[in-house]
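>>> missing the sequence, but the structure's below:
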Ligand code: NCD
């Protein structure tokens, strides 16, 4: 059987995705049923860029399934520091593990690795490009909290230029009926033109606005906040100018619909004030928990392990 990788959120059909999300919900309800399903299996986490949630949730996911974990958490602590290519690294890792999750600062690096891999490779974030497993987490969260993935008005706020979670989320939600987007960013941090072009090509309603105010939030079902991606800026002065452009605090949230969900892939810096955390609309910590179930379902799917 051909090895299946996950590079983009569009690698799964909508039907496959439904199945994966159903599996994730079943995992949430029946953890014990899955506790030994991956006994003897290993995941390699190959992280060339910092991470807390993505790496640890992959590791927790495999451990929850009874499997184990190996890997590295920075470029410095791997042979990349000696000049080894990702293609060579994955050939070696294919001998040690059954599945691998790779994060890399260069766009396309996990794809290059997948071409040389005999085990499934998961893109755990490639530069400012894509972050498909965050999207699985996001859509599992949205479906679980709102009960649907269609007929939603989704506001996405912050660094829409460099934020890879944003690019993957827009691509994925664009496949559902009745989706519209409100893209909220400073001029300099608008979505890349390829994202805008794909929205236009599919006739998906969207608007681009600068202000996060009562008018902008009036019709939102979801407000997806993101941090300004400091590490992708060419100079620090630009980052400093942009970093506090949006701050969602309790006062501002007063202006939002009562049933709007606030999501954030995390880490948050200043864009959501901590006084928002206790508001029932603040769903970002639950979102992080859904990340474990989504990754458990993904590991089972890519390893082709069927559950009764
Ligand atoms: C995101 C990422 O790495 O792109 N983090 C994550 O995986 N949850 C978002 C971010 O770093 O801002």
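Perfect, thanks for sending it. In this text the structure is predicted, and so the values were computed from the model without any measurement. Residues are numbered from 1 along each chain as shown.
>>> close to the ligand: what parts of the stretch 1-150 of the chain are there?
53, 54, 125, 131, 134 (C-beta under 6 Å from any ligand atom). C-beta coordinates here come from the backbone N, C-alpha and C atoms, glycine included.
>>> what's the burial count for residue 194?
Residues near residue 194, counting by other C-beta atoms under 10 Å, number 9.
>>> tell me which residues touch it, please.
If a contact means C-beta atoms under 8 Å, 6 or more residues apart in numbering, then residue 194 has no contacts.
>>> what's the distance between it and residue 171?
Residue 194 is 10 Å from residue 171, where distance means C-beta to C-beta, to the nearest Å.
>>> what's the answer for residue 103, then?
Taken as C-beta to C-beta, the span from residue 103 to residue 171 is 19 Å.
>>> and the two? Which one has more around it.
residue 103 (25 against 18).
>>> so that one sits in a helix?
No - counting by DSSP: H, G, I helix; E, B strand; the rest coil, residue 103 is located in no helix; its state is strand.
>>> looking at it, it is touching residue 48, isn't it?
Yes - Residue 103 is within contact range of residue 48, at 6.3 Å (criterion: C-beta atoms under 8 Å).
>>> if we can go back for a sec, now, the residues of the stretch 1-150 of the chain next to the ligand that are in strands?
For these, the ones inside strands are residue 125, with DSSP state E as the criterion.
>>> residue 145: how many residues sit nearby?
With other C-beta under 10 Å as criterion, residue 145 counts 16.
>>> just the pLDDT for it.
In this model, residue 145 is scored at 97, pLDDT.
>>> mind checking the SS state of residue 223?
Residue 223 is classified as strand under three-state DSSP.
>>> what sits against it?
Counting by C-beta under 8 Å, 6+ apart, the residues that residue 223 touches are 155, 157, 217, 248, 256, 260, 261, 262, 263.
>>> select from those residues every entry located in strands.
Short answer: these in strands (DSSP E) are 155, 157, 261, 262, 263.
>>> could you give the bridge partners of the fourth one?
On the basis of DSSP bridges, residue 262 takes part in beta bridges with residue 223, residue 282.
>>> isn't it right next to residue 276, touching?
Yes - judged on C-beta under 8 Å, residue 262 makes contact with residue 276 at a distance of 6.9 Å.
>>> what is the neighbour count of the nearest residue to residue 268 once chain neighbours are set aside?
Distance criterion C-beta to C-beta, 6 or more residues apart in numbering; nearest residue to residue 268, sequence neighbours excluded, is residue 227 at 6.3 Å. By other C-beta under 10 Å, 21 other residues sit near residue 227.
>>> and the gap between residue 227 and the ligand?
As judged by C-beta to the nearest ligand atom, to the nearest Å, residue 227 and the ligand stand 4 Å apart.
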